[in-house]
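J.: How does the following fold in three dimensions:
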Amino acid sequence: MTEALNPAIEAGVKAASAPRSLVGIAIAMLVLLSEGYAAVRAARANQLHSSLNLALGSALASIGLTIPTVAACAISFYLPISLGISWLNMTLMYLSFFIGGLTLAIGKTNLLKGAVHVIIFFEYLFLTIAP
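T.: Numbering: from 1, shown residues only. As a prediction, this is how the structure comes out:
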């Protein structure tokens, strides 16, 4: 599905004069959309465990398996590898890992902790669109 929509997404990003990195974000959001929707439905039904399993499982499966595979191919074929992420975005990534660790270590969550994650995500989107 993403291969079919990729030209339309690229044309939309180009028409909006947005950075090309926004194409990757749009495709990643499209890939994670179904699992994300199921996770939100589970959270609204007060099923936190199912919600976390859906959200973290889909993200880890799509992102956590892709990067090591690309890295293994690059190493085995002696190709240079670049994740295409700036130091600022790496800082936001480390911040979200830290906040996620705090959220999951305590075992309880609330709206405030979720809002912090959403704010970090919006910062990432903003800094991608307007560096």
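J.: which secondary element of the protein has the worst mean pLDDT?
T.: Least confident helix or strand, the chain: helix 48-64 with a mean of 79, by mean pLDDT, DSSP states H and E.
J.: immediately after it, which helix or strand?
T.: Where DSSP states H and E defines the elements, the next helix or strand beyond helix 48-64 is helix 66-76.
J.: what does that following helix contact?
T.: 79, 80, 81, 83 (C-beta atoms under 8 Å, 6 or more residues apart in numbering). Every C-beta, even on glycine, is put in place using the N, C-alpha and C of the backbone.
J.: give me that answer again for 10 Å
T.: By C-beta atoms under 10 Å, 6 or more residues apart in numbering, the residues outside helix 66-76 that reach it are 28, 31, 79, 80, 81, 82, 83.
J.: Now intersect those with the strands, please.
T.: Secondary structure assignment by DSSP state E places none of the contacts of helix 66-76 in strands.
J.: Give me the buried positions along the least confident helix or strand of the chain.
T.: Within helix 48-64, the residues scored as buried using 16 or more other C-beta atoms under 10 Å are 51, 52, 54, 55, 58, 59.
J.: my read: the fifth one touches residue 34, true?
T.: So the one you mean is residue 58. Yes. Counting by C-beta atoms under 10 Å, residue 58 does reach residue 34; the two are 8.1 Å apart.
J.: show me what contacts residue 53?
T.: With contacts defined as C-beta under 10 Å, 6+ apart, residue 53 is in contact with 35, 38, 39, 42, 47.
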